[in-house]
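A predicted structure for the sequence below; I have some questions about it.
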Amino acid sequence: MPRRIRPLLALAVAFVVLGFVSASIASEATFKIIVHPDNPSDSVSRDFLRDAFLKKEVEWHGDTLLPIDLSSKSAVRDRFTKEVLRKSPAQLRTYWAQQVFSGRGVPPPAFASPADVVKYVLAHPGAVGYVPIDVDPGKAKVIPIR
């Protein structure tokens, strides 16, 4: 193999390896979706969740849809915002500022602790929230995103 090709081959291999490592880190779950135990859903689409948390959907299985956020200081919220809502935290703040200013809506309530999110979800049949992956959801139902 010519000497000029070896560095290029090594560089190509490095990019492939880094691509696999970054893809596995990006796909590592940091949150889980929780709903009321009576919710009949076995999974939820990313698009439905996005519409729910942007309050473009208002009903789910006959109940008023009640999305619940974690505090804006939560790293899990940032990850949820990027992965599900497809917005940066700054874009989400701008979106809600525009909605509030125009009188079209207010953001979902935000709770400081995952335990409060779980309590709220358990008390409201139409609630949907997310908690860190390592949090015990109690009797709340965990559903995957499809």
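The structure has been received and is ready for your questions.

and what about the residue nearest the centre of the chain, helix, strand or coil?
Nearest to the geometric centre of the chain sits residue 80, at 2.8 Å (Cα atoms, centre = their mean). When classified by DSSP: H, G, I helix; E, B strand; the rest coil, residue 80 comes out as helix.

show me what contacts it?
Neighbouring residues of residue 80 by Cβ atoms under 8 Å, 6 or more residues apart in numbering: 31, 70, 130. To be clear about C-beta, it is placed using only N, CA and C from the backbone, and glycine gets the same treatment.

if any of those residues are buried, put those into a ChimeraX selection.
In ChimeraX syntax, the buried subset of the contacts of residue 80 is picked out as below (16 or more other Cβ atoms under 10 Å):
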select :31,70,130
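
just the contacts of residue 80: which are in strands?
Secondary structure from DSSP state E places 31, 70, 130 of the contacts of residue 80 in strands.

let me have those in a markdown table, extended by pLDDT and distance to residue 102.
Below are these laid out as a markdown table (pLDDT from 0 to 100; distance: Cβ to Cβ, whole Å):
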| residue | pLDDT | distance to residue 102 |
| --- | --- | --- |
| 31 | 97 | 30 |
| 70 | 97 | 25 |
| 130 | 98 | 27 |
